[in-house]
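Asks: I need the structure of the sequence given here:
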Amino acid sequence: MTMAASSWIPLATSDDREHWLAKRKLGLGASDIASVLHLSPWRSALELWAQKTERVPEDDLEGIEAVWWGHQLEAAIIGGYAKRTERAAVPFGVLLQSARWPWLLATPDALTTDDPRAAREAEVLLGSVLRLADTLREDSSASPEHIDDLVRQVAEYGDGWWPLQVKNSGDRSAAAWADGPPPYYAVQARQESLVWGGPPKATVCALLGGQQLAWADIDVDDFERRRIVKVGRRFWEHHVGEDVAPDPDETDGARRTLNQITVGFDDDALLLPSSVEVDLATAEGLGLTQWEGTEDDNPFRARIDIDQIDQAWIEAREQEREGKRRSKLASNLVMSLLGQATTGVLPDGTQWRSTPVVRGRTTTRRITRKEPQE
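Replies: Below is the predicted model of the structure:
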């Protein structure tokens, strides 16, 4: 049996969406790990925890236009990637569970290879994947033995292939690809590779703004593997398994989740303790440089005085006020230098702009700046 065959267990096919969503509750999907590692710009660890513990519903992404188009264009992007790279690529879309780390899940969009020997088996591999997907539908009557046989086929013909993650990104997201795939996509690809168990690599391919194809190979070194396994295990076993909420972060998603799970008001004053335990990342996020260890010497946690939280809050608000003051001063100075001109050009090409804004009988000016490359 190949490495891939001993590495994963098939759970569902993404075409059978309701069944696929139900099976994803059994662990952390590859798109979840970015939230766990505080890399996701869309969802906080607290929000993910609330969804996994069914305190709040999962986000219904199917109603989002960009997501719908992403699904429709997936096959075309895979085809374009294969043509541009001269690599073989076959659609996949099967939810896999790691046999070694059962809380790790992944649904690779496709598989790819640059090995001519492996590429010759592309049609056979695709047929095996499609047959496996059919047996995983909720209404399938396939026997466990038949599924095991198909798993062996996919593993055999998939030897030498690795996960291909496919994205459809709009114009606003294209800038995030300037230096390659954004970290939240790269870590997703690494988890897919970890679950698949083939070569220690993955590829991320994206259609940017509907007209530019970008792709990059992602290496999966031992450090990244250990980080995903270690932090993922703690989130799944401690936070989800023991029902312990992770610390909130500064995102709007965390605030939204807190509003959802702290329903109601109690007018009685709560006497707070003199110190609390928080994640190390939270202590660092508050700008703290000193803290105490926890009683159980947990390397992920720190004990801080509650006065440190209050002082960090005071300092942050003061910095915010000072930032607003400096911004207004600079804006007024720019307006003074521009006079009646609507545009001023700096030596490096940066532009200051003064745009008239009419409110009733009053005309004011909105001051903005534009970088040379915009």
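Asks: what residues of the top helix by length along the chain count as buried?
Replies: Identified as the longest helix of the chain according to DSSP state H is helix 306-338. Across helix 306-338, burial judged by 16 or more other C-beta atoms under 10 Å covers 308-309, 312, 331, 334, 338. All C-beta atoms are positioned from the backbone trio N, CA, C, and that covers glycine.
Asks: likewise stretch 346-354?
Replies: 352-354.
Asks: quick one: end-to-end distance for that stretch.
Replies: End-to-end span of stretch 346-354 (C-alpha to C-alpha, to the nearest Å): 14 Å.
Asks: same deal with stretch 356-367?
Replies: 9 Å.
Asks: equivalent analysis for stretch 192-205, please.
Replies: 14 Å.
Asks: which parts of stretch 165-175 are buried?
Replies: 165-169, 173-174.
Asks: ranges for the helices of the stretch 1-150 of the chain?
Replies: Using DSSP state H, counting those that start in this stretch, the helices found in the stretch 1-150 of the chain span residues 3-7, 17-24, 33-36, 45-52, 65-85, 116-119, 122-135, 144-157.
Asks: quick one: which of these is nearest Asp267?
Replies: Among the helices of the stretch 1-150 of the chain, the nearest to Asp267 by C-beta to C-beta is helix 45-52 (25.4 Å).
Asks: what helix or strand is Asp348 on?
Replies: Remark: Asp348 resides in no helix or strand, with elements defined by DSSP states H and E.
Asks: that one against Pro372, yeah?
Replies: Yes - the pair Asp348 / Pro372 is scored as a contact, 6.5 Å apart, by C-beta atoms under 8 Å.
Asks: wait, what's in contact with Val166?
Replies: 74, 77-78, 81, 109-110, 205-206 (C-beta atoms under 8 Å, 6 or more residues apart in numbering).
Asks: how does it look with 10 Å?
Replies: Contacts for Val166 (C-beta atoms under 10 Å, 6 or more residues apart in numbering) come out as 70-71, 73-78, 80-81, 89, 91, 108-110, 203-207, 215.
Asks: dump the helices of the stretch 1-150 of the chain into a markdown table; add distance to Gly344 and mean pLDDT as well.
Replies: Listed next are the helices of the stretch 1-150 of the chain as a markdown table, based on distance: least, C-beta to C-beta, whole Å; pLDDT from 0 to 100:
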| stretch | distance to Gly344 | mean pLDDT |
| --- | --- | --- |
| helix 3-7 | 60 | 59 |
| helix 17-24 | 53 | 91 |
| helix 33-36 | 41 | 95 |
| helix 45-52 | 43 | 95 |
| helix 65-85 | 37 | 86 |
| helix 116-119 | 57 | 92 |
| helix 122-135 | 58 | 93 |
| helix 144-157 | 62 | 91 |
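Asks: quick one on the thing from earlier: ok now the helix or strand that comes right after the longest helix of the chain, how far from the chain's centre?
Replies: As assigned by DSSP H and E, the chain's next helix or strand after helix 306-338 is strand 343-345. How far strand 343-345 lies from its chain's middle: 39 Å, per C-alpha atoms, centre = their mean, to the nearest Å.
Asks: try stretch 83-93
Replies: That offset, for stretch 83-93, works out to 23 Å (C-alpha atoms, centre = their mean).
Asks: mind saving the C-alpha coords of that stretch as PDB?
Replies: Extracted in PDB, the C-alpha atoms of stretch 83-93 (Å, rounded to 0.1, in the frame of the first residue of the first chain):
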ATOM      1  CA  LYS A  83      -2.000  24.300 -20.200                       C
ATOM      2  CA  ARG A  84       0.200  27.000 -18.900                       C
ATOM      3  CA  THR A  85       2.400  24.800 -16.700                       C
ATOM      4  CA  GLU A  86       2.400  21.700 -19.000                       C
ATOM      5  CA  ARG A  87       1.600  19.700 -15.900                       C
ATOM      6  CA  ALA A  88      -1.100  17.100 -15.600                       C
ATOM      7  CA  ALA A  89      -4.000  18.000 -13.400                       C
ATOM      8  CA  VAL A  90      -7.200  16.200 -12.500                       C
ATOM      9  CA  PRO A  91     -10.200  17.400 -10.500                       C
ATOM     10  CA  PHE A  92     -10.600  15.800  -7.000                       C
ATOM     11  CA  GLY A  93     -13.100  17.300  -4.600                       C
END
